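> Provided below for reference: sequence and predicted model.
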Amino acid sequence: PNKQGKEECHGAALGDDEVAAARVQLDWPHAPFHVPEAIYQGWDATARGAELEQAWETRLARYAEAFPAEAAELKRRLKGELPSDLGSEALVEQAQEKAESIASRKASLACLNALGPQLPELLGGSADLAPSNLTFWSGAKAIAKDAPGGNYLHYGVREFGMGAIMNGIAVHGGFVPYGATFLTFMEYMHNAVRMAAIMNQQAIYVFT
């Protein structure tokens, strides 16, 4: 009430007196960090969530009976587990034997070409730099309005949007998103990259 409209309420602590005055102005008599019961009940989705979860489990069980192989693959991907027969170790050994001196982005493309066919959950993308950062591998298919079944998103010049969408996809589960841009353009997507780190999500950022 006494500091609104002034720089004092932006860069410094309000202080106990001002906090108390703000509480009076807002008509908020509750203790710090206390959620009143009426508000808690209004936002409590425990029962609704339990119903939705049970409906999903029932539906998934029916799906598993009809399509056991597909259901097993879906569960694997939702758990974020890699295929048990993934040939990543052999790929590393072959690379060490060749000992080629190539650009890191070309090495990345070689990895995508080798591992991509074994990882159907890979969902790639680039912020308008696919030809340069070499993330559009041989099995990549662009997702478009008339072709939604692809596995690669052309995000356009939307670095932050790319990062935020990748985080959402990772949180949903079932996919391992990777998105690429130049390292300097990470400046545009600090918040999204930071959120991915805080949430410990399996979102892969490729900076070239």
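Looks like it came in fine.

> before we move on, which element is the residue nearest the centre of the chain in?
The C-alpha lying nearest the average C-alpha coordinate of the chain belongs to residue 167 (CA atoms, centre = their mean; 1.8 Å). Secondary structure assigned from DSSP states H and E places residue 167 in helix 159-172.

> elements contacting the helix or strand following that helix?
Next helix or strand after helix 159-172 toward the C-terminus (DSSP H and E): strand 176-181. Judged by 3 or more CB pairs under 8 Å, 6 or more residues apart in numbering; DSSP states H and E, strand 176-181 is in contact with strand 122-126, helix 130-133, helix 159-172, strand 204-207. Yep, even glycine has a C-beta here, placed from its N, CA and C like the rest.

> mind running it again at 10 Å?
With contacts taken as 3 or more CB pairs under 10 Å, 6 or more residues apart in numbering; DSSP states H and E, strand 176-181 sits against helix 104-115, strand 122-126, helix 130-133, strand 152-154, helix 159-172, strand 204-207.

> just say which of those is most tucked in.
Of all these, strand 122-126 carries the top mean neighbour count, a mean of 24, counting by mean count of other CB atoms under 10 Å.

> need the contact list for the residue nearest to the centre of the chain.
By CB atoms under 10 Å, 6 or more residues apart in numbering, the contact list for residue 167 reads 177, 191-193, 195-196, 198-199, 201, 203.

> and the angle from the helix holding residue 167 to strand 122-126?
Here the directions of helix 159-172 and strand 122-126 differ by 170 degrees (axes from the mean of the first three to the mean of the last three CA atoms, to 10 degrees).

> and the next element down the chain from the helix or strand of the chain with the lowest mean pLDDT?
Scoring the helices and strands of the chain by mean pLDDT, DSSP states H and E places helix 8-11 at the bottom, with a mean of 81. Counting by DSSP H and E, the element after helix 8-11 in chain order, helix or strand, is helix 16-26.

> contacts for the helix ranked longest in the chain next, please.
For the chain, the longest helix by residue count, based on DSSP state H, is helix 46-66. By CB under 10 Å, 6+ apart, the surrounding residues in contact with helix 46-66 are 45, 70-72, 74-75, 78.

> now it: average pLDDT?
Averaging pLDDT along helix 46-66 yields 97.

> just the buried residues of stretch 143-151, please?
Neighbour-count burial for stretch 143-151, counted by 16 or more other CB atoms under 10 Å, picks out 143, 151.

> could you dump it to PDB, C-alpha only?
C-alpha atoms of stretch 143-151 as PDB (Å, rounded to 0.1, in the frame of the first residue of the first chain):
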ATOM      1  CA  ILE A 143       5.700 -33.400 -39.500                       C
ATOM      2  CA  ALA A 144       3.200 -31.300 -41.500                       C
ATOM      3  CA  LYS A 145      -0.500 -30.400 -41.500                       C
ATOM      4  CA  ASP A 146      -1.200 -33.000 -44.100                       C
ATOM      5  CA  ALA A 147       1.500 -35.500 -42.800                       C
ATOM      6  CA  PRO A 148       1.200 -35.700 -39.000                       C
ATOM      7  CA  GLY A 149       2.900 -39.100 -38.800                       C
ATOM      8  CA  GLY A 150       6.500 -37.800 -39.100                       C
ATOM      9  CA  ASN A 151       9.200 -37.700 -36.500                       C
END
